[in-house]
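1. Could you look at this predicted model? Sequence included:
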Amino acid sequence: MKPAFRTLKPVVALYTAQILNLFLGWIVTKLNISQLSVEEFGRFTFFITLINASFIFFTFGVFEASSRLLALSESRNESDRILTVSLSFALTSYFIFTLFFWLVKSSVSEIFSVDVSVLIKLYFPLAGIYLLYDFWQKILRGAGKIYRLSCYLVLPRIIYIAILIILVYTQQFTLHTTTLMNLVSFGLVLVLFLFLESFNFSRYFDSLKSLVKEIRKFGIHMYLAELIQALLFHIDKLFIAYFLTSEDLAYYSLAFTLTFPLSLFSTSLSTGMYRRFSKTSRIDDKIVKANLIWIILSLLLIIFLGPWMVKNIFSAKYMESIPVLIPLAIAFGMGGLSKIYTYFLIAKGEGKIIRNISIILIIVNIVFNILLIPLLGITGSAYARIITFILDFIFVYIGYRLVLSRVKL
């Protein structure tokens, strides 16, 4: 087997899993849309968005620091010790986040026009599952276990769909049951994969010191960057929930679901190369070209097939999603171009560069969302995302060139 093919094989496996996950996600969306009202689907979307936009505050830079330490580890024992101490941090974060989510239940309904206070009150103990699920993705990425990561990404959706089908046939499908089963499906897969790993408590405090050192050197900068990037990913929905209605959020969420996959190949490619990036001096031009070609083809596919998919695969009552498709597709295409350079900088420990770029981007995104959503509705939010991702690409490329110049010097 040629070395190049050996390197590409995990990337292909991960991208295949991402594509399968995409189609499974569309099935999930179709089932929810068909069984819930537009208003209920908006509330469901906002509840999940709220979890994903807030749990990142409780990662404290540990997740990225753990991932990088695993990528740099030289032995199985060392990896197991890093994993053990990292998991203890993650479990602590889980309990802190769960308490926070319960405390904010009344404040959320006062701030946003989309009321999810009842959902928070009922399901807050499970909300932290998303935090642990994200933690384990970074662990598998850093350890280079790309095949296992591929399975990890797909299984929750498979379980969730199976449960939703049962709910449909037993006529038990409600906003509450689909919300609960969403959380349960991720929790079941997380527990399964925890049992597949080995843990090593020997030299625990030495591993703890190494992790704390990496957090101070790299993780703390990535923590701020992650906070901002999570907000960048979800803040448009938060602004729509503030300025507009549950129905508007539902329309936007469907368009988001259809166009976000444009960045999946870039994410798979960058994730598969993460461990290699940590040990190499530059990005192979072939990787950049392959990423660009795939994004262009995917963009054309969304432009030509997107409106048909909304009307014929999902629901004609979501036709208001169609005007948002092209601007969101362009935005996520630009985001895909940035992925490779971003992951390279992260693998190289350039947390400060990522942090500084993220600060600029969140300010730009907030300003344009505030300006454009009242004027243009959900389309305005899509335009704000285009502007943000164009700047993201420019800045991460400049950061990449700076790193290369240091190597040459």
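-> The structure has been received and is ready for your questions.

2. Can you pull out the low-pLDDT segments for this protein?
-> Scanning the chain for pLDDT under 70 picks out 1-8, 407-409.

3. which helix of it spans the most residues?
-> Longest helix of the chain, by residue count under DSSP state H: helix 3-35.

4. which strands and helices sit next to the next helix or strand after that one?
-> Toward the C-terminal end, the helix or strand that comes next after helix 3-35 (DSSP states H and E) is helix 38-54. Counting contacts by 3 or more C-beta pairs under 8 Å, 6 or more residues apart in numbering; DSSP states H and E, helix 38-54 is packed against helix 3-35, helix 76-103, helix 117-127, helix 175-196, helix 220-243, helix 246-259. C-beta: built from backbone N, CA, C; applies to glycine.

5. now with 6 Å?
-> Where contact means 3 or more C-beta pairs under 6 Å, 6 or more residues apart in numbering; DSSP states H and E, helix 38-54 is packed against helix 220-243, helix 246-259.

6. okay, the ones you listed in CSV with distance to Ser88 and mean neighbour count next?
-> Below are those laid out as CSV (distance: least, C-beta to C-beta, whole Å; neighbours: other C-beta atoms under 10 Å):
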stretch, distance to Ser88, mean neighbour count
helix 220-243, 18, 22
helix 246-259, 35, 25
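
7. Just the CA trace of stretch 299-316, in PDB.
-> Output in PDB follows, covering the C-alpha atoms of stretch 299-316 (Å, rounded to 0.1, in the frame of the first residue of the first chain):
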ATOM      1  CA  LEU A 299     -21.500  24.500  -3.800                       C
ATOM      2  CA  LEU A 300     -22.900  23.900  -7.400                       C
ATOM      3  CA  LEU A 301     -24.800  20.900  -6.100                       C
ATOM      4  CA  ILE A 302     -26.600  22.900  -3.400                       C
ATOM      5  CA  ILE A 303     -27.300  25.800  -5.700                       C
ATOM      6  CA  PHE A 304     -29.100  23.500  -8.300                       C
ATOM      7  CA  LEU A 305     -30.700  20.900  -6.000                       C
ATOM      8  CA  GLY A 306     -31.300  22.900  -2.800                       C
ATOM      9  CA  PRO A 307     -34.700  24.400  -3.700                       C
ATOM     10  CA  TRP A 308     -36.000  21.100  -5.000                       C
ATOM     11  CA  MET A 309     -34.900  19.300  -1.800                       C
ATOM     12  CA  VAL A 310     -36.700  21.800   0.400                       C
ATOM     13  CA  LYS A 311     -40.000  21.500  -1.600                       C
ATOM     14  CA  ASN A 312     -40.000  17.700  -2.400                       C
ATOM     15  CA  ILE A 313     -37.900  16.000   0.300                       C
ATOM     16  CA  PHE A 314     -38.800  18.100   3.400                       C
ATOM     17  CA  SER A 315     -42.000  20.200   3.200                       C
ATOM     18  CA  ALA A 316     -43.600  22.800   1.000                       C
END
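
8. Tell me how many other residues crowd Ala202.
-> Wrong residue type there; residue 202 is Ser, not Ala. Neighbours of Ser202 under the rule other C-beta atoms under 10 Å: 10.

9. quick one: it from Asp80, how far?
-> Distance, Ser202 to Asp80, by C-beta to C-beta, to the nearest Å: 9 Å.

10. now swap in Ile330 and tell me
-> Separation of Ile330 from Asp80 (C-beta to C-beta) stands at 44 Å.

11. Please say which of those two ends up with more neighbours.
-> Counted by other C-beta under 10 Å, Ile330 and Asp80 do not tie: Ile330 has more neighbours, with 21 against 17.

12. Assign a three-state SS to Ile326, would you?
-> Secondary structure, DSSP: H, G, I helix; E, B strand; the rest coil: Ile326 is helix.

13. who touches it in this structure?
-> Taking C-beta atoms under 6 Å, 6 or more residues apart in numbering, we find Ile326 in contact with Ile303.

14. Pull up the gap between it and Ile366, please.
-> Distance of Ile326 to Ile366, given as C-beta to C-beta: 23 Å.
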